[in-house]
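In: got a predicted model here, sequence first, then my questions.
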Amino acid sequence: MTELGPVAWPPDPIRTGRLVLRGSEARDRAAFIDLLASPEVHTYLGGPRPRDGLERETPAAPERWPGSFVVDLDGAMIGQILLRRATEHRRPAAVGKVDLGYLFLPQAWGFGYAAEACAAALDWFADALPGEPVVLATQTANTRSMRLAAKLGFTEVERFEAWDAEQWLGMWSPLTPRD
Ligand SMILES: CC(C)(COP(=O)(O)OP(=O)(O)OC[C@H]1O[C@@H](n2cnc3c(N)ncnc32)[C@H](O)[C@@H]1OP(=O)(O)O)[C@@H](O)C(=O)NCCC(=O)NCCS
């Protein structure tokens, strides 16, 4: 994964109906550790990381890079959205394209927050890098993620086997170029 592209970062906070998307800050550190240590969050992502290692190694202000949005509900982080350019990818259709990832704390699942936040991140992306598509890879067994991808407008490119599981590669394109 490399640089997203020529984007201004961090962006001005993006407000949706219920949420704010912003760059990460020192006050998000505990939530990042909860996110990365959660077995539930990592069921389909290769398993969680040990909490004691995370407590030692997580920097004061984690994940401060262009394309890493903190999703904030009422002043507290509930999830992370990642937009990264996939310079290397096991599927040729995804190489060089920007890849969407999303991780939300389990207590924030089931309220439509991920859909609301990802739609805003894709809107931001369509303005920042007009005309570029976005790819997304997820396990087909990850039904919440599969539903979210469909809701966001990703369509199937292909299914493939990796890490002993069936994976789904989807693609999203901005409907109309913006000016
Ligand atoms: C994938 C993930 C982000 C999906 O979260 P989610 O909360 O299910 O997704 P959404 O924001 O689309 O919310 C959908 C649910 O909110 C419900 N909902 C409640 N209020 C709502 C509202 N006001 N608006 C929209 N939906 C609402 C929907 O009915 C739906 O519920 P259901 O799942 O019981 O049908 C979450 O499960 C997660 O973080 N998983 C771990 C990380 C992961 O696997 N990431 C994928 C690989 S990158």
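Out: In hand now; what should we look at?
In: contact residues of this protein facing the ligand?
Out: Residues of the chain lying close to the ligand by CB under 6 Å from any ligand atom are 41, 44-45, 101-104, 109-115, 138, 142, 144-145, 148, 151. Glycine gets a C-beta too; all of them are placed from N, C-alpha and C.
In: recalculate using a threshold of 8 Å.
Out: Within the chain, the positions adjacent to the ligand are 18, 40-45, 79, 82, 100-106, 108-118, 136-139, 142, 144-145, 147-148, 151 by CB under 8 Å from any ligand atom.
In: I only care about the residues you listed that end up buried; give me the PyMOL line for that.
Out: Buried members of these, defined by 16 or more other CB atoms under 10 Å, are picked up in PyMOL with:
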select buried, resi 41+44+45+79+82+100+101+102+103+104+105+108+113+114+116+117+118+136+137+138+139+142+145+148
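In: now, the residues of the chain next to the ligand that are in helices?
Out: With helices taken from DSSP state H, the overlap with the residues of the chain next to the ligand comprises 113-118, 144-145, 147-148, 151.
In: now those residues in CSV, with distance to residue 12 and pLDDT?
Out: As requested, those are exported to CSV (distance: CB to CB, whole Å; pLDDT from 0 to 100):
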residue, distance to residue 12, pLDDT
113, 20, 98
114, 22, 98
115, 22, 98
116, 18, 98
117, 16, 98
118, 19, 98
144, 30, 98
145, 28, 98
147, 30, 98
148, 25, 98
151, 26, 97
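In: can you tell me how far whatever residue of the chain ends up closest to the ligand is from residue 91?
Out: Closest to the ligand within the chain is residue 112: 2.2 Å, counting by CB to the nearest ligand atom. Remark: distance between residue 112 and residue 91 (CB to CB, to the nearest Å) = 29 Å.
In: list the residues that contact the closest residue to residue 107 other than its chain neighbours.
Out: The shortest distance from residue 107 to any non-neighbouring residue, by CB to CB, 6 or more residues apart in numbering, is to residue 78 (7.8 Å). Counting by CB atoms under 8 Å, 6 or more residues apart in numbering, residue 78 makes contact with 19, 31, 71-72, 104-105, 107-108, 113.
In: quick one: residue 123 is in a helix?
Out: Yes: counting by DSSP: H, G, I helix; E, B strand; the rest coil, residue 123 is located in a helix.
In: could I have the CA atoms of the lengthiest strand in the chain written out in PDB?
Out: Taking DSSP state E as the criterion, the chain has its longest strand at strand 76-85. Listed next in PDB are the C-alpha coordinates belonging to strand 76-85 (Å, rounded to 0.1, in the frame of the first residue of the first chain):
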ATOM      1  CA  ALA A  76     -15.900   9.400  20.900                       C
ATOM      2  CA  MET A  77     -14.300   7.200  18.300                       C
ATOM      3  CA  ILE A  78     -16.600   4.300  17.200                       C
ATOM      4  CA  GLY A  79     -14.700   3.100  14.100                       C
ATOM      5  CA  GLN A  80     -12.000   3.600  11.400                       C
ATOM      6  CA  ILE A  81     -12.400   3.900   7.700                       C
ATOM      7  CA  LEU A  82      -9.300   3.300   5.500                       C
ATOM      8  CA  LEU A  83      -8.800   4.400   2.000                       C
ATOM      9  CA  ARG A  84      -5.400   3.000   0.800                       C
ATOM     10  CA  ARG A  85      -3.800   2.600  -2.700                       C
END
